[in-house]
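Visitor: sequence unknown, structure follows:
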């Protein structure tokens, strides 16, 4: 009852304080030391290969001082924590002082180190100590392992909650900037200030500035949060002339994000570039990031965010700053257009037409991207987005390899089984072959229950599409054979067959306005399907044209001739047995 009460108490703390790890860790350690009759305990988190002390309970002063001196440490070899790090198992040390090499503090004698595991990865440990030699019982060890699992749950909850808060905060910041842009058309100062304020807050930075690139030099257009000692000089001499020392001028040629972990150690500072020296010595700048503002590939300006300590910027922060840079460009472009409208009233009609055309183009682009999401093959969508044209969707003829596979006995199984069992089996089946299709870069032409059609050499060209298809089929057979063993244990007699053919097909979109599919039409698709129908469980039947392309790479056996619907003459077919050993170079 005492253990159940303690477990319930910890779960109550987790649910009542989502994202607050300190209270959870304290509740765990307090209950762990009390119920397990330990003298003291601590909880460590594993970060970048080292342990960080996150919480402690009843720790002796000697240990508290050690924690203060070394909050992050790597355990010594053969130390119980080192053994936990290497084995990911619970380490029960009955008498620590029996081993003079352990070097434990605070008169620790019997100790228990329990790993905190998330997806089999060590994320920390919970340790409890006794100052006398008295082993912990199996029930106490089990309770500690339960506490470790609860700590992992709390950490994962906190991570998810922090990600949610961070995402919401970033969305709110983006929305705030867009609101300022829409509410102050043509006024850049409020937009720049909103961008810098949100950028500084989201990045946990001290200050930021926005530079405009004009006539080969950078001009400071806005500052936020800058120390007064530096701000006065920055505006007194707002133009930074180009030179080979100041690192920000690299962006002119690279047009890429510039990250400097420590500006005080950069060559620009050591060579005493005036602008860099001022921001380091007067503003205390250390870690900085510079994000270019680009319009149609041309540099418009630069957003620079400063930390006054050495601290990296996260990928999410970099992505948000790039979004802010794009919004700044939008605001600049809007201001330019508005100025032109005010200066040339006689061209209002023409300018309105241009704006309407831009809106129409954007709507067209949105509609085009929406249409792409209706297509199953990701390769097609990627090519269209990359090229900016929908030419790949037009009907065209190409030499391809088609692979068709399905399950033997699936119809009988589905007729005699509950729908839930049928769907569960299909889910396993599709997940297994889906990963393999992605691995071999096949284009998934369609799903039809248990039947799957995959094509190679369109839209992405493949050097030897027939060999790629055969190698994928071998992997598929191996994966499904493992599942078939499981299905047999459940009483399902299900097999798996594959047919592969090579030839020309017509490819493109078929369907209607609300739904389109990307399809391959031609004899090669039909032959692959017919070969699959003829394949016995475990067979990979290939056509003669496929054999010519793979005969030096795989071992096959002739199966015989089959008369196929739509094919005038019977076709000789071959069963792929195994890949041939690769020859040494």
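Guide: The structure has been received and is ready for your questions. The structure displayed is predicted, hence computed values, not measured ones.

Visitor: got a pLDDT number for the closest residue to residue 454 other than its chain neighbours?
Guide: Among residues not flanking residue 454 along the chain, residue 442 sits closest, at 4.1 Å (C-beta to C-beta, 6 or more residues apart in numbering). Heads up, the C-betas are built off the backbone N, CA and C, glycines and all. Residue 442 carries a pLDDT value of 88.

Visitor: report the buried residues of stretch 328-343.
Guide: By 16 or more other C-beta atoms under 10 Å, the buried positions in stretch 328-343 come out as 328, 329, 330, 331, 332, 334, 335, 337.

Visitor: rebuild these as a markdown table, extending it with secondary structure, distance to residue 237 and pLDDT.
Guide: Listed next are the buried residues of stretch 328-343 as a markdown table, based on DSSP: H, G, I helix; E, B strand; the rest coil; distance: C-beta to C-beta, whole Å; pLDDT from 0 to 100:
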| residue | secondary structure | distance to residue 237 | pLDDT |
| --- | --- | --- | --- |
| 328 | helix | 23 | 84 |
| 329 | helix | 26 | 85 |
| 330 | helix | 29 | 84 |
| 331 | helix | 25 | 82 |
| 332 | helix | 23 | 83 |
| 334 | helix | 29 | 80 |
| 335 | helix | 25 | 77 |
| 337 | helix | 31 | 78 |
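
Visitor: take the residues you listed and write them to JSON lines, including distance to residue 435.
Guide: Output for those, formatted as JSON lines (distance: C-beta to C-beta, whole Å):
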{"residue": "328", "distance to residue 435": "42"}
{"residue": "329", "distance to residue 435": "40"}
{"residue": "330", "distance to residue 435": "40"}
{"residue": "331", "distance to residue 435": "45"}
{"residue": "332", "distance to residue 435": "46"}
{"residue": "334", "distance to residue 435": "46"}
{"residue": "335", "distance to residue 435": "50"}
{"residue": "337", "distance to residue 435": "49"}
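
Visitor: closest one to residue 471 out of those, please.
Guide: residue 329 (46.7 Å; C-beta to C-beta).

Visitor: got the contact list for the closest one?
Guide: 293, 294, 295, 300, 301 (C-beta atoms under 8 Å, 6 or more residues apart in numbering).

Visitor: just the buried residues of these.
Guide: 293, 294, 300, 301.

Visitor: so which of these are in strands?
Guide: Among these, the members found in strands (DSSP state E) are 293, 294, 300, 301.

Visitor: which of the buried residues of stretch 328-343 lies closest to residue 492?
Guide: Looking across those and measuring by C-beta to C-beta, the closest to residue 492 is residue 330, at 57.9 Å.

Visitor: and the closest one, how far from residue 402?
Guide: 46 Å (C-beta to C-beta, to the nearest Å).

Visitor: do residue 56 as well
Guide: Distance from residue 56 to residue 402, by C-beta to C-beta: 64 Å.

Visitor: the more surrounded of the two?
Guide: residue 402 (30 against 20; other C-beta atoms under 10 Å).

Visitor: would you confirm that that one contacts residue 524?
Guide: Yes: between residue 402 and residue 524 a contact is recorded at 5.0 Å, counting by C-beta atoms under 8 Å.

Visitor: shared neighbours of the two, anything?
Guide: Residues touching both residue 402 and residue 524 (C-beta under 8 Å, 6+ apart) are 501, 502, 505.

Visitor: tell me, how many residues neighbour the last one?
Guide: Neighbours of residue 505 under the rule other C-beta under 10 Å: 24.

Visitor: any idea how far it lies from residue 180?
Guide: 54 Å.

Visitor: repeat that for the second one.
Guide: Separation of residue 502 from residue 180 (C-beta to C-beta): 59 Å.

Visitor: please identify which of those two sits among more neighbours.
Guide: Set residue 502 next to residue 180 and count neighbours by other C-beta under 10 Å: residue 502 wins out with 25 against 19.

Visitor: what helix or strand is the more buried one on?
Guide: strand 495-512 (DSSP states H and E).

Visitor: which elements pack onto that strand?
Guide: strand 396-408, helix 465-489, strand 515-521, helix 523-534, strand 540-542, helix 544-550 (3 or more C-beta pairs under 8 Å, 6 or more residues apart in numbering; DSSP states H and E).

Visitor: wait, isn't residue 38 in contact with residue 131?
Guide: No: taking contacts as C-beta under 8 Å, residue 38 lies outside contact range of residue 131: 9.2 Å.

Visitor: between these two, which is the more surrounded one?
Guide: Shown here are residue 38 and residue 131; by other C-beta under 10 Å, residue 38 has more neighbours (24 against 15).

Visitor: not counting residues beside it along the chain, what's closest to the more buried one?
Guide: Residue 38 sits nearest to residue 128 (C-beta to C-beta, 6+ apart), 3.8 Å away.

Visitor: hmm, residue 192 is touching residue 328, no?
Guide: Yes: counting by C-beta under 8 Å, residue 192 does reach residue 328; the two are 6.8 Å apart.

Visitor: need the overlap of contacts for the two.
Guide: residue 210.

Visitor: ok, which stretches of the stretch 101-250 of the chain are strands?
Guide: Assigned by DSSP state E, counting those that start in this stretch, the strands in the stretch 101-250 of the chain fall at 110-118, 121-130, 207-214, 217-224, 239-240.

Visitor: now render those as TSV, adding mean neighbour count.
Guide: Shown next, in TSV, are these (neighbours: other C-beta atoms under 10 Å):
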stretch	mean neighbour count
strand 110-118	22
strand 121-130	22
strand 207-214	22
strand 217-224	19
strand 239-240	16
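
Visitor: coming back round to it: so which of the shared contacts of residue 402 and residue 524 is the closest to residue 69?
Guide: Looking across those and measuring by C-beta to C-beta, the closest to residue 69 is residue 502, at 70.1 Å.

Visitor: and the contacts of stretch 468-484?
Guide: Contacts for stretch 468-484 (C-beta under 8 Å, 6+ apart): 401-403, 405, 428-429, 432-433, 436-437, 439-442, 454, 456, 462, 494-496, 498, 500, 538, 540, 542, 546, 550, 553-554, 576, 578-579.
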